[in-house]
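*Asks:* Predicted model and sequence follow; I will ask about them next.
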2 protein chains.
Amino acid sequence: FCTQGSESDLTTTLLQMCVDRAFIAPGEFNSWALRHGKSCSYGPLGEELKKNILEQWWNSVTRSKTQVFGINSLHHVPNDKGGLKLVDVSAIGQFISNESLSKTQILDRLQQLVHHSSSVRTNLLQGALVQYLPSLELVNRKLPFGLAETGTCYQHSDQSIGGVGRTSELTEASLVWFCSPRTSSQWLDHWTRQRLKWWQKFALSPSDFSSSDVEEGELLDGASRGVQVTYRFPWGSEALETLWNQGDSELLKTHGNAKTKLQCKDGRKLVVPHVIAVKGNVDWGLLAYLFNALQLEKKVLSKQRIHQRKVLKLHPNLAPVKVALDMGRGATIELRQVCEGLLTELLEADISVWPGYLETLPQSLEQLQSKYDEMGVLFSVMISESTLENGLLLVRNRDTTIRETMHISEVKKYLQKYISANV
Amino acid sequence: FCTQGSESDLTTTLLQMCVDRAFIAPGEFNSWALRHGKSCSYGPLGEELKKNILEQWWNSVTRSKTQVFGINSLHHVPNDKGGLKLVDVSAIGQFISNESLSKTQILDRLQQLVHHSSSVRTNLLQGALVQYLPSLELVNRKLPFGLAETGTCYQHSDQSIGGVGRTSELTEASLVWFCSPRTSSQWLDHWTRQRLKWWQKFALSPSDFSSSDVEEGELLDGASRGVQVTYRFPWGSEALETLWNQGDSELLKTHGNAKTKLQCKDGRKLVVPHVIAVKGNVDWGLLAYLFNALQLEKKVLSKQRIHQRKVLKLHPNLAPVKVALDMGRGATIELRQVCEGLLTELLEADISVWPGYLETLPQSLEQLQSKYDEMGVLFSVMISESTLENGLLLVRNRDTTIRETMHISEVKKYLQKYISANV
């Protein structure tokens, strides 16, 4: 008796759950942004989920056998020509209040102000192209190598978005790969396979993730080929990551066509490398994993009572909370001490814990479980009077809903094994 | 015969080394920013160092026994009144080129444009104050708890900075702690102790880090007390982290004085919490650890030859590269395979490796060692012909400069032990 519900229902359910369970902060803009692959204000669970995705992305790209260095470039680009600039609006306020200025004077000052203001970055490619030159020394001018970066980029739209503003942010994950022109198409294939496999690795149903070529009419300027990794959302497919074979044009443009400076060794020949730009949108990725993980299960309890179980079956590596710790009735002070001891032990082992035992409102076990299911908590542990007697406690598995009795000294090892087995 | 050199020498040496060894990207702005506690374009080593600092900060704050949640707020704040706004300057271009507009029309459109543009955040406090309300549900209105966030904030100065622009960025690490007014001064003391201890934990000479009260004249509006954790740079002390007891004024202001909504349980009483704001500048922190770790050692080799050894003795947890792998002369293909095998093994164990064996330029062992010393590489491993015969290799320790012979199968465990022993 497992049904998925209609598609718009599913979207509404998920977005509401994200607010209720602290994945995102409340507010119209945040829900709109989450639904459209933009950054929103993430609450505690969303922050942790995003951090986990970014960490996995980073490890998969910088710890492959290929040579990839991380960089960290500035958010603002001095004296760029871009559309969105950081302007000190108090200066504009001064023009407006100073009535003695003529129209020409105002326009003149405006032009100066705009000229001296910095642009904000719209992607991470430029930063990597700039750092290409100093990186050459690290690799002794030997190809191939890559520069990776993750961070916030800005977008501007002509129309007001979500009824709020015209600016939006997104969290980009970028790999810029420099390789010999001879091998660039093989490298594009290599990274496409690697990236698709990565996205599918953390999926409950991997078939919702797929890759396809960007149509010729939609290629970026100077790009000879583009590939997208897409996710099938209820409303259609969206690109989570795009890979471009950009040739050498952007690199040459960034460095004023200084070919000699840019050349690298390709065997015995010197070549200006081609650029494969891999550009992921982590906000879309986060939403894709949420949709992919959400399961709605209807259980008919009796003629009158139908219970809908909502479970967020996030991958063990991505789940923001691995374990929730709760305590039953009984000797409060002692139970709490046991909880705190286990909490410390788990945190030290790098396992994120939800300190449910701190809650003072009495909740039924059923309410507690459905809350944890919606939070995607992998295991919930119940510490009770009998734990004080014999060290035994109950561990419930989110996915199987089975409760196992376990000795408190075994919990850490059991969880570590479970999480690492799923890497 | 260990001398520290004059103070300005030390600064020049360090800044140059940061460019040479890929801690920061070249360029006047980057050196200026690094020297002034602002974000610059970090190169591969700087990126990794910064990531390590941020990770340690995060763990120390979110994994203490206290209840701290991570959040991730937006970089731009819709419709704020701030001085630095994200303005679409193409719209300004249109005013300038449209000659038929009158002065009043221009001013009118400018005012509209400014009004509809978003501000960028100048600190992380506001984001946490906004998320205070939805977080109340997570903790069942029980104090104390905290909200942590790290990320880029923007600054504007009236004067051009570093000869480049008027905007700068910094990487802030923020903990906003909500507690009962009754206990706020104890909590300020608690966090001050915790933070100072944290900074000193990774220091070579902990006494360069200290804490002191902010003088009364320099207190923030509404703050009853402020404490700074400072580092003694060659030119004087700078604040790495500041802790403010801000009372309830900012929280009330953010939520329109809606006291009832903001109240929490303090035992049986309902109170509006006081806010302890802990605000770290990670860019200053990074520079502090670099200065703290740099040791200049003069060695008189003979009357004519004096060798100055520069070593960056970064803490094992912070060092951007833990191991460098190199190979001696001999059967290139086989040696390389051994290097790749060890590389994979170490990367899988989460140990960052510098693949020195990929370099094709012949360097003397001495040159290689001084390069790794300046990069702060903890250990360098040399794989040679004899490794192929009997599995033995040489491991050199950065701090003792002692070379040990070790079997290749023991390297991973040895390094893991060394790094974790220093946590």
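*Replies:* Happy to help now that I have it.

*Asks:* quick one: the helices in the stretch 51-200 of chain A?
*Replies:* All helices of the stretch 51-200 of chain A, identified by DSSP state H, counting those that start in this stretch, fall at A:89-97, A:103-116, A:125-138, A:184-201.

*Asks:* Buried residues in the third one, which are they?
*Replies:* If you call a residue buried by 16 or more other C-beta atoms under 10 Å in any protein chain shown, then helix A:125-138 has these buried ones: A:125-136, A:138. Bear in mind the C-beta positions are built from the backbone N, C-alpha and C, glycine included.

*Asks:* Check the last one too.
*Replies:* Of the residues in helix A:184-201, those with enough neighbours to count as buried (16+ other C-beta under 10 Å) are A:Ser184, A:Trp187, A:Leu188, A:His190, A:Trp191, A:Thr192, A:Gln194, A:Arg195, A:Leu196, A:Trp198, A:Trp199, A:Gln200.

*Asks:* how about A:Gly247, phi and psi?
*Replies:* Torsion angles at A:Gly247 (phi, psi; degrees, to the nearest 10) stand at phi 60, psi -150.

*Asks:* How about the residue nearest the centre of chain A: what's its closest non-neighbour residue?
*Replies:* Relative to the mean C-alpha position of chain A, the nearest C-alpha, by C-alpha atoms, centre = their mean, is the one of A:Val282, at 3.4 Å. In space, and not counting its chain neighbours, A:Val282 is closest to A:Thr171: 4.0 Å by C-beta to C-beta, 6 or more residues apart in numbering or on different chains.

*Asks:* For that neighbour, grab the count of nearby residues.
*Replies:* Each residue near A:Thr171 was counted by other C-beta atoms under 10 Å in any protein chain shown, and the total is 23.

*Asks:* Verify the stated contact: it with A:Trp284.
*Replies:* No: using C-beta atoms under 8 Å, A:Thr171 and A:Trp284 do not qualify as a contacting pair, with a distance of 9.4 Å.

*Asks:* Identify the contacts common to these two.
*Replies:* Taking C-beta atoms under 8 Å, 6 or more residues apart in numbering or on different chains as the contact rule, A:Thr171 and A:Trp284 have no neighbour in common.

*Asks:* Which residue is it, in the stretch 101-250 of chain A, that comes closest to chain B?
*Replies:* Here the residue of the stretch 101-250 of chain A nearest chain B is A:Lys103; by C-beta to the nearest C-beta that distance is 4.2 Å.

*Asks:* hang on, A:Leu368 is in a helix, isn't it?
*Replies:* Yes: A:Leu368: assigned to a helix according to DSSP: H, G, I helix; E, B strand; the rest coil.

*Asks:* got the contact list for it?
*Replies:* A:Leu368 makes contact with A:Asp326, A:Gly356, A:Ser380, according to C-beta under 8 Å, 6+ apart.

*Asks:* That one and chain B, how far apart?
*Replies:* Separation of A:Leu368 from chain B (C-beta to the nearest C-beta, to the nearest Å) stands at 13 Å.

*Asks:* Backbone dihedrals for A:Cys264, please?
*Replies:* Listed backbone geometry of A:Cys264 is phi -130, psi 170, with angles given as degrees, to the nearest 10.

*Asks:* How many residues are close by it?
*Replies:* Neighbours of A:Cys264 under the rule other C-beta under 10 Å: 21.
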